[in-house]
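Asks: Attaching a predicted model along with its sequence, questions to come.
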Amino acid sequence: MRGRDARVGILFAMPWIMGFLIFMAYPLVASLVTSFTNFSILRPPSFIGIDNYKELFHDQVFYKSLGNTLLYVLGAVPLTTVAAIALALLLNTKVKGMSFYRTMFFLPTLVPMVALGTLFLWVFNGDYGLLKAGFAKVHMSSPNWLGDPAWSKWTLILISMWGCGQAMVIYLAGLQDVPVSLYEAAELDGAKAWAKTKNVTLPMISPVILFNVVMGIIGALQIFAVPYIMFPNGAPARSAYFYAMYLYDNAFQYQRMGYASAMGWVLFLITLTLTLIALKLSNKHVHYESN
């Protein structure tokens, strides 16, 4: 009977198992094998060993795109984390119509990335953009958001806040799990609003913060659609040329699938390293209820 139950269970799980093998496991193994070949799609792949990886570490465009991506991660992840926590704290209060406000702050995350890039092309346009008109109203000059290398990455970092609604919802769920008794105990000790936030709220939602930070790092390392729409070829001066854009160009513009696969695995190792660093640094700052 036990063996029969196991066979029935495996049979029910088979659609998921087949989906995982076909759409996850096979592409992973295939990309790893392809990274050791010279493969241009139109011709059969030829094995070249680790030549793709050697070329990567002598490729100046690779270093430029990687540097741009890491700078974006350093700017976007902290900023969106702070914005999402602040919004969650505001939306956790008891105010009339709160469901409406929560919906309004979450809706921007549903906008497709291509539409988002097109929208912000108009907002940040240096000639007739919405921000330029706003600066003109207060008699200030607007930066050249799209044409100045010093501002291009900051433009994308500011845009990243547009999608903080998804993390906000997760923080909001975490806030509602904080025991009210802890706030009452803090009030008895004379704690004010900031003291309660610092000593009760943030420690209690620290596992949620860790989760969102790790997911934010992974997502920021893969930024592609918005800069691809707003900054063709990473212009100006490749200041907005990100890792995923260079990987895409190698794969589909230059038809260097082997080189692009090698870039994909290097990105995987970078993502894994940054995730492990975040988990290691969290040991002393993340508090779980079981502790």
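Replies: Here it is on my side, so go on.
Asks: Run through the stretch 1-150 of the chain and note the low-pLDDT ranges.
Replies: 1 (pLDDT under 70).
Asks: Now with 90, please.
Replies: Under the criterion pLDDT under 90, the flagged ranges of the stretch 1-150 of the chain are 1-9, 40-44, 93-99, 125-130, 132, 135-143.
Asks: again with the stretch 151-291 of the chain
Replies: In the stretch 151-291 of the chain (pLDDT under 90), the answer is 163, 177, 188-191, 193, 232-233, 235, 282-291.
Asks: residue ranges of the helices in it, please?
Replies: 165-175, 180-188, 193-196, 202-204, 206-221, 225-230, 243-248, 257-281 (DSSP state H, counting those that start in this stretch).
Asks: ok, residues contacting the fourth one?
Replies: Contact with helix 202-204 is made by 174, 177-179, 182, 209, 287, as judged by Cβ atoms under 8 Å, 6 or more residues apart in numbering. Just so you know, the C-beta spots here come from the backbone N, C-alpha and C atoms, and that holds for glycine as well.
Asks: Mind listing what's buried along stretch 35-48?
Replies: 35-39 (16 or more other Cβ atoms under 10 Å).
Asks: swap in stretch 119-127?
Replies: By 16+ other Cβ under 10 Å, the buried positions in stretch 119-127 come out as 119-120, 124-125.
Asks: Repeat that for stretch 238-253.
Replies: 238-247, 249-251.
Asks: Could you dump the buried residues of stretch 35-48 into CSV with secondary structure and distance to V200 added?
Replies: Listed next are these as CSV, based on DSSP: H, G, I helix; E, B strand; the rest coil; distance: Cβ to Cβ, whole Å:
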residue, secondary structure, distance to V200
S35, coil, 48
F36, coil, 53
T37, strand, 56
N38, strand, 58
F39, coil, 56
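Asks: Looking at those, which one is closest to P149?
Replies: S35 (31.5 Å; Cβ to Cβ).
Asks: wait, isn't that closest one in contact with A251?
Replies: No. The criterion here is Cβ atoms under 8 Å, and S35 misses it with A251 at 11.7 Å.
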